[in-house]
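Peer 1: Have a look at this fold, sequence not included:
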DNA sequence: GCCAACGTTGGC
DNA sequence: GCCAACGTTGGC
């Protein structure tokens, strides 16, 4: 069991969009970075848990939790000539791009914002907070996961009084 | 294999 | 909208 953080711009695909899917799940397609592709193809497994992060948002932050329901498999969109993610250089017999399927578990309400994450000394080494970090699929350590989900519960209790 | 040019990401 | 940081491309 491992932990990950997936970035998405809410304007293109939000956590609400994921929750609105018929089975609350989607194939995580459109990743066009080889480091992230390798994680999708080789490393991410069924049952792994995922922070759903909104980038280019106001504010950016973790807005939900999802889980992996299907491990890495070739990304169909890359072979679909009509699709935005079509890649004519990708050979179906040796696919370039991979996806996993994730399913919404629950929203994080209120979201845990980027400034909030930055304010926590224990998270100083987190990939997301690294200067210049752009990886859209990135590992999260068990300690980071535990700490952040703990924050989510705390803020939820506060909200409920 | 080097590296400049270019495109993208994503916080601010 | 700006721009720093990064990845990719392509000329040489």
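Peer 2: Received the coordinates, thanks. Bear in mind that the values here come from a model prediction, so they are computed numbers and not experimental data.
Peer 1: mean confidence score for the lengthiest strand in chain A?
Peer 2: The single longest strand within chain A, with elements called by DSSP state E, is strand A:98-113. Mean pLDDT, strand A:98-113: 97.
Peer 1: can you give me the offset of it from its chain's centre?
Peer 2: 7 Å (CA atoms, centre = their mean, to the nearest Å).
Peer 1: Equivalent analysis for stretch A:34-46, please.
Peer 2: So, by CA atoms, centre = their mean, the centroid of stretch A:34-46 is 12 Å from its chain's centroid.
Peer 1: List the buried residues of that stretch.
Peer 2: A:36, A:37, A:39, A:40, A:41, A:44 (16 or more other CB atoms under 10 Å). C-beta: built from backbone N, CA, C; applies to glycine.
Peer 1: near DNA strand C at all, that stretch?
Peer 2: Yes: Stretch A:34-46 is in contact with DNA strand C by CB under 7 Å from any atom of the strand, via A:34, A:35.
Peer 1: Endpoints of that stretch, how far apart?
Peer 2: Start and end residues of stretch A:34-46 are separated by 21 Å (CA to CA, to the nearest Å).
Peer 1: average model confidence for it?
Peer 2: What stretch A:34-46 shows for mean pLDDT is 96.
Peer 1: Ok, stretch A:132-148 next?
Peer 2: Stretch A:132-148 carries an average pLDDT of 96.
Peer 1: Contacts for that stretch, please.
Peer 2: Under the criterion CB atoms under 8 Å, 6 or more residues apart in numbering, residues A:2-8, A:28, A:31, A:33, A:35-36, A:39-40, A:44, A:49, A:51, A:62, A:112, A:117, A:120, A:122-123, A:126-128 lie in contact with stretch A:132-148.
Peer 1: which ones among the buried residues of stretch A:34-46 are found in strands?
Peer 2: Going by DSSP E, the strands hold none of the buried residues of stretch A:34-46.
Peer 1: Wait, a strand at residue A:16?
Peer 2: No: Residue A:16: not assigned to a strand; according to DSSP: H, G, I helix; E, B strand; the rest coil it is helix.
Peer 1: Around DNA strand B, pick out the residues from chain A.
Peer 2: A:7, A:9, A:32, A:55, A:56, A:57, A:60, A:114, A:115, A:134, A:135, A:136.
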